[in-house]
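# from the sequence below, what's the structure:
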Amino acid sequence: MSLRHRHARYMRKPAELMLVPMIDIFTVLVTFLLMTAVFSRIAVVELDLPSAAGGPPADKPQFRLEVIVRQAGFELTNGTEVIAAVPKQGGAYDLRTLSELARSLKEDHPDVDDASVLLEPEVSYDDLIQVMDAVRSTETPADGSGKPTRMALFTNIAVGDAPIHGGTSS
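Numbering: from 1, shown residues only. I've put the predicted structure just below:
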């Protein structure tokens, strides 16, 4: 047997790229991602941001709750006068009292859903979220079923900067 025949016997064919296993892996991966994406849920809160161009003035001024979050505590106003001041308790914001006051104001103005949360620059983002949650809804005591229910308060919340201490926004 010649050297050429012996060498030809050991020569390999060029390797072929097998795409079928790769397609199978991508199919399983895409299926898995689509199935898990259905179960993930993102909480989105719609906010009304104040605009520079205001609309026409209303005929009758409607009540609008303003919660001014300061370093010392909360101030609740109706846009012109202070309704209540809630100081911090033990270095933390008194969210329970805020929620009770918001509930009382909602009972006085059941058709109003608008509220503004106005912040001083030093207030943390976590405090903003907790204040918004306290103003948006509260838990009502259990009535027979033994399970407390959520009551919507002021669900249409706008966020802005707090006025200089001692003043109210217009």
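# any idea which element A84 lies in?
Taking DSSP states H and E as the criterion, A84 maps to strand 82-87.
# so what touches the helix or strand following that strand?
Going down the chain from strand 82-87, the next helix or strand is helix 95-108, by DSSP H and E. Here helix 95-108 makes contact (CB atoms under 8 Å, 6 or more residues apart in numbering) with 63, 65, 67, 74, 76, 83-84, 86, 112, 115, 130-131, 134-135, 138, 151, 153-154. C-betas here are computed from N, CA, C, even on glycine.
# tell me how far the nearest residue to E120 once chain neighbours are set aside lies from D127.
Closest residue to E120 apart from its sequence neighbours, by CB to CB, 6 or more residues apart in numbering: A162 at 4.7 Å. A162 sits 12 Å away from D127, going by CB to CB, to the nearest Å.
# buried sites along stretch 84-101?
Neighbour-count burial for stretch 84-101, with 16 or more other CB atoms under 10 Å as criterion, is recorded at V86, Y93, D94, L95, T97, L98, S99, L101.
# and if you look at stretch 16-34?
Using 16+ other CB under 10 Å as the test for burial, stretch 16-34 gives no buried residues.
# hey, C-alpha coordinates of that stretch in PDB?
What follows is stretch 16-34, C-alpha atoms only, in PDB (Å, rounded to 0.1, in the frame of the first residue of the first chain):
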ATOM      1  CA  GLU A  16     -19.900  20.400   9.700                       C
ATOM      2  CA  LEU A  17     -21.600  22.800  12.000                       C
ATOM      3  CA  MET A  18     -24.700  21.200  13.600                       C
ATOM      4  CA  LEU A  19     -27.300  23.900  14.200                       C
ATOM      5  CA  VAL A  20     -30.100  21.600  15.300                       C
ATOM      6  CA  PRO A  21     -29.000  21.300  19.000                       C
ATOM      7  CA  MET A  22     -28.400  25.100  19.100                       C
ATOM      8  CA  ILE A  23     -31.900  25.800  17.800                       C
ATOM      9  CA  ASP A  24     -33.300  23.400  20.400                       C
ATOM     10  CA  ILE A  25     -31.600  25.200  23.200                       C
ATOM     11  CA  PHE A  26     -32.800  28.600  22.000                       C
ATOM     12  CA  THR A  27     -36.400  27.300  21.600                       C
ATOM     13  CA  VAL A  28     -36.400  26.000  25.200                       C
ATOM     14  CA  LEU A  29     -34.800  29.300  26.400                       C
ATOM     15  CA  VAL A  30     -37.300  31.500  24.600                       C
ATOM     16  CA  THR A  31     -40.200  29.300  25.800                       C
ATOM     17  CA  PHE A  32     -39.000  29.500  29.400                       C
ATOM     18  CA  LEU A  33     -38.500  33.300  29.300                       C
ATOM     19  CA  LEU A  34     -42.000  33.800  27.800                       C
END
